[in-house]
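Chemist: Below are the sequence and a predicted model for it; my questions follow.
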Amino acid sequence: MSDEILEKVVRTNEVAAGGGGLLNPEQSNRFIDYIWDATVIAQDARTIRMRADTVDLDKVAVGSKLVRLATEAVSDGVNADATFTKVSLTTKKLRLDWELSTEALEDNIEGDALEDHIARLMATQAGNDIEDLLINGDTAQTGDPLYKAFDGFHTLALGGGRVVEGGGDTISKATFNSALKNLPRIYKQRRNLLRFYTGSNLVQDYLYNLTAIGVGGTPDDIASGIIQGNPSGPQGAAGGNYPYAFGVPVVEVPLFKEDLAGTYSGASGVHGRVDLTFPNNRIVGIKRDIVVHRLYQPKKDTTEYTVFTRVGCAVENLDAYVVVKNVRVAS
């Protein structure tokens, strides 16, 4: 995001007279892009930039086994029908606010650039917090109030997706194998588009376990070919593709929770999960209208900044979403 656009976000005379206002569509789109820069799932998912608080996305399905044996000069009077349904995407209002004292703006070594610098930091943190909500939101939980805004992808998948019991085992070939076997075969026709997603510690456990390839009489080249799909090693930072599991890339998502208590009998330690789905099966809705306010408080001699936006999420097809739960994180 350019300095010019950021200045439009945080400076009164560029946003609106009187200390705040509505960003124009170009500014809003650029600000949204910058918020997502440090995220994994939000960038990976299908993003809908909404003009209303709620939208219904049309979905069409044609079922299976539509082709029938034809008899010459005979009509069986049966026609295949398409089924139309809708995916509802509802956003919730979220707020980001921060404050800078006049002394901080005057006395820092960056000078006038501090305001811009802080705005960048806040936008990045806003992206992290929104991604955390998109992944871990749960309206039924009693902890962090932010999580109660709406159900995130984890809650939606556990409630309606294909859930596989990990049973407290550490991550291994068997984890990915069980996920793939529980995915209906119709979706495996697009296997090249599938992705595994899991947390940082479980990715590390998987990489550590791969160092034992060849133990027990399995040749290195055969084992690595089955697991990786190719001989390449880890690439990139968080969110990059790591060695494949049965030809499907494994994507690290640092904000996946890995401190969960096990829900199986005799559970001990902490647990995470492994997801298997198509990237665009996750839908993120963000209302394009972003409101930014900048207000000087004379009694405190500070400047307050407040950003409002609306965000929501949905899963288009829960039948194509597999979750392996209760995957234990190694000590």
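Modeler: Yes, it's here. Numbers count the residues shown, from 1 in each chain.

Chemist: And the strands in the stretch 201-331 of the chain, which stretches?
Modeler: 241-245, 248-252, 271-277, 282-287, 291-297, 302-315, 322-328 (DSSP state E, counting those that start in this stretch).

Chemist: partner residues bridging residue 306?
Modeler: residue 97, residue 293 (DSSP bridges).

Chemist: Give me the neighbour count for it.
Modeler: If you count neighbours by other C-beta atoms under 10 Å, residue 306 ends up with 16. Just so you know, the C-beta spots here come from the backbone N, C-alpha and C atoms, and that holds for glycine as well.

Chemist: That one contacts residue 122, doesn't it?
Modeler: No. If you go by C-beta atoms under 8 Å, residue 306 and residue 122 don't touch, sitting 10.7 Å apart.

Chemist: shared neighbours of the two, anything?
Modeler: The contact sets of residue 306 and residue 122 overlap at residue 96 (C-beta atoms under 8 Å, 6 or more residues apart in numbering).

Chemist: what's the model's confidence in stretch 48-61, averaged?
Modeler: Averaging pLDDT along stretch 48-61 gives 83.

Chemist: Buried by neighbour count: which residues of that stretch qualify?
Modeler: Neighbour-count burial for stretch 48-61 flags 48, 50, 55 (criterion: 16 or more other C-beta atoms under 10 Å).

Chemist: Filter these down to just the ones in helices.
Modeler: Among those, no member falls in helices (criterion: DSSP state H).

Chemist: circling back: which one of the strands of the stretch 201-331 of the chain has the most crowded surroundings?
Modeler: Highest mean neighbour count among those (mean count of other C-beta atoms under 10 Å): strand 271-277, with a mean of 25.

Chemist: Contacts for it next, please.
Modeler: 153-154, 157, 166, 168, 171, 175-176, 179-180, 183, 194-199, 201-202, 248, 256-258, 260-262, 320-329.

Chemist: From one end of stretch 265-272 to the other, what's the distance?
Modeler: Stretch 265-272 has an end-to-end distance of 16 Å (criterion: C-alpha to C-alpha, to the nearest Å).

Chemist: Show me which residues of it are buried.
Modeler: In terms of neighbour count (16+ other C-beta under 10 Å), stretch 265-272 has its buried residues at 271-272.

Chemist: Next, the angle strand 291-297 makes with the longest helix seen in the chain.
Modeler: What stands out as the longest helix in the chain, according to DSSP H, is helix 113-136. Angle between the axes of helix 113-136 and strand 291-297 is 130 degrees (criterion: axes from the mean of the first three to the mean of the last three C-alpha atoms, to 10 degrees).

Chemist: which residues of this structure fall in helices?
Modeler: 3-10, 12-15, 25-36, 41-44, 102-107, 113-136, 153-160, 173-181, 200-210, 220-228.

Chemist: What separation is there between residue 91 and residue 149?
Modeler: 9 Å (C-beta to C-beta, to the nearest Å).

Chemist: ignore the last one, residue 252
Modeler: Distance from residue 252 to residue 149, by C-beta to C-beta: 25 Å.

Chemist: Helix or strand with the lowest mean pLDDT in this structure?
Modeler: helix 12-15 (a mean of 38; mean pLDDT, DSSP states H and E).

Chemist: contacting residues for residue 316?
Modeler: 46, 57, 59, 87, 280-283.

Chemist: and which of these is nearest residue 95?
Modeler: Within those, proximity to residue 95 (C-beta to C-beta) peaks at residue 283, which comes in at 22.8 Å.

Chemist: residues contacting the residue nearest to residue 93 when sequence neighbours are not counted?
Modeler: Spatially, and ignoring its direct neighbours in sequence, residue 93 is nearest to residue 310 (5.3 Å; C-beta to C-beta, 6 or more residues apart in numbering). Contacts for residue 310 (C-beta under 8 Å, 6+ apart) come out as 50, 53, 91-94, 286-287, 289.

Chemist: With distance to residue 314 added, can I get those residues in JSON lines?
Modeler: Formatted as JSON lines, the contacts of residue 310 follow (distance: C-beta to C-beta, whole Å):
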{"residue": "50", "distance to residue 314": "12"}
{"residue": "53", "distance to residue 314": "14"}
{"residue": "91", "distance to residue 314": "11"}
{"residue": "92", "distance to residue 314": "13"}
{"residue": "93", "distance to residue 314": "17"}
{"residue": "94", "distance to residue 314": "17"}
{"residue": "286", "distance to residue 314": "12"}
{"residue": "287", "distance to residue 314": "14"}
{"residue": "289", "distance to residue 314": "20"}
